[in-house]
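Visitor: What follows is a predicted protein model with its sequence.
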Amino acid sequence: MEDNKNIVDVLYSSVNKMTQSDKKITQVILQNPAAVVNYTISELATQAQVSEASVSRFCKNLSLSGFHQLKIDLAKVVSDDTSYYKNVDYDDLQAALASIKDNKVAEITNTLTKIPTKNVEKILKLIENARILQVAAEGNTFPVAADAAYRFNQLGILTISAESWQTAIAQTLNLQATDVLLVISNSGESRALLKQVKVAHQGGLKVIALTNRADSPLGLAADLHLTTAVRQRVLQSEYYFSRVAAMTAVEALFLLLIAKNKKRLENIKQHENLISDEKL
């Protein structure tokens, strides 16, 4: 595991592909990371109702040297409230809203602070120099792609997107080597988007991926990859919290492009003026 990677980010983003034993261990850890720092391997195994060997395999599956490293990595983050999920209890609405707020802040904070600077610089350069930028996503993630297309077009960067994958891959077939494909997927395991990435590469395009797993198939297939942080209850629907983080990453790129070239503000003003008469 990368030295600067938050172990809690790793657990949240990996849980959906884990074995049942690993999910049990993860659930115990995320319920109280601070307590696990002081556990023995036997105590964690007992709490998770698995064997000590299962805990050792769990650490190996996370690319950790062993249980001791797991505790060290947990100790680095347990004092940070943005490291783990806060339960939402409907019986106390104010507390529930506060927990939702904290979870969203955690997603945004951990997404933006973990982005490698070199990757961002390369991605911004690709987007700036693209003849056409295509943004692709599926299902519940497509609103992020639609938002990205709107924002980048406002900046004067010709951007296309299509909710229908059949239409989207047809668009990709018509792109050139000077164009760029941006794929957005929570899990990074979409067969359709992987096929689209393959088509893009066959056409000589560069591909940028935005997913919540560093080792996702889409992330590994892309030329450049940004990961988002998720804060979800273990075993809860995987997309529940992910859209906010993905939109945050897109907006960050949007704002950085403006900061890099202030003249882009004129494009936004021109667009806003043209659509202003549609508002009351």
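Guide: Received, thanks.

Visitor: and the one helix or strand residue 220 maps to, how far from the chain's centre?
Guide: Element membership for residue 220 (DSSP states H and E) is helix 217-221. Relative to the centre of its chain, helix 217-221 is centred 13 Å away, using C-alpha atoms, centre = their mean, to the nearest Å.

Visitor: Just the CA atoms of that helix, as CSV, please.
Guide: What follows is helix 217-221, C-alpha atoms only, in CSV (Å, rounded to 0.1, in the frame of the first residue of the first chain):
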residue,chain,number,x,y,z
PRO,A,217,-9.7,-2.1,-13.7
LEU,A,218,-10.6,1.3,-15.2
GLY,A,219,-8.0,3.1,-13.2
LEU,A,220,-5.3,0.6,-14.3
ALA,A,221,-6.4,0.7,-17.9
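
Visitor: I'd like the next helix or strand past the helix or strand residue 182 falls within.
Guide: Secondary structure from DSSP H and E places residue 182 in strand 180-184. Going down the chain from strand 180-184, the next helix or strand is helix 191-202, by DSSP H and E.

Visitor: Quick check, residue 138 in contact with residue 183.
Guide: No. In this structure, residue 138 is not within contact of residue 183 by C-beta atoms under 8 Å, at 9.3 Å. Heads up, the C-betas are built off the backbone N, CA and C, glycines and all.

Visitor: what helices or strands is the helix holding residue 220 leaning on?
Guide: Packing contacts for helix 217-221, counted by 3 or more C-beta pairs under 8 Å, 6 or more residues apart in numbering; DSSP states H and E, involve helix 191-202, strand 206-211, strand 224-227.

Visitor: Now with 10 Å, please.
Guide: strand 180-184, helix 191-202, strand 206-211, strand 224-227 (3 or more C-beta pairs under 10 Å, 6 or more residues apart in numbering; DSSP states H and E).

Visitor: Would you mind telling me which of the ones you listed is nearest residue 32?
Guide: Closest approach to residue 32 among the helices and strands packed on helix 217-221 is made by strand 224-227 (25.2 Å; C-beta to C-beta).

Visitor: Any chance you could list what contacts the closest one?
Guide: 5, 9, 13, 110-111, 114-116, 118-120, 122-123, 126, 180, 182-184, 188, 206-216, 218-219, 245-246, 249-250, 252-253 (C-beta atoms under 10 Å, 6 or more residues apart in numbering).

Visitor: before we move on, what about stretch 45-64?
Guide: 1-2, 5, 7, 10-11, 14, 17-29, 31-32, 35-36, 39-44, 65-73, 215.

Visitor: run the last query once more with 7 Å
Guide: For stretch 45-64, contacts defined as C-beta atoms under 7 Å, 6 or more residues apart in numbering pick out 1, 10, 21-22, 24-25, 28, 41-42, 44, 66-67, 69-70.

Visitor: do stretch 162-169 as well
Guide: With C-beta under 7 Å, 6+ apart as the criterion, stretch 162-169 contacts 136, 138, 142, 171, 192, 196, 199.

Visitor: can you list the domains in this structure?
Guide: 7-84, 114-278 (automatic domain parsing).

Visitor: Distance to residue 97, mean neighbour count and mean pLDDT added to these, as CSV?
Guide: Converted to CSV, the domains of the chain look like this (distance: least, C-beta to C-beta, whole Å; neighbours: other C-beta atoms under 10 Å; pLDDT from 0 to 100):
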stretch, distance to residue 97, mean neighbour count, mean pLDDT
domain 7-84, 16, 18, 87
domain 114-278, 15, 18, 90
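
Visitor: Just tell me which of those domains ends up closest to residue 105.
Guide: domain 7-84 (6.4 Å).

Visitor: Pull the distance from that closest one to the chain's centre.
Guide: That offset, for domain 7-84, works out to 21 Å (C-alpha atoms, centre = their mean).
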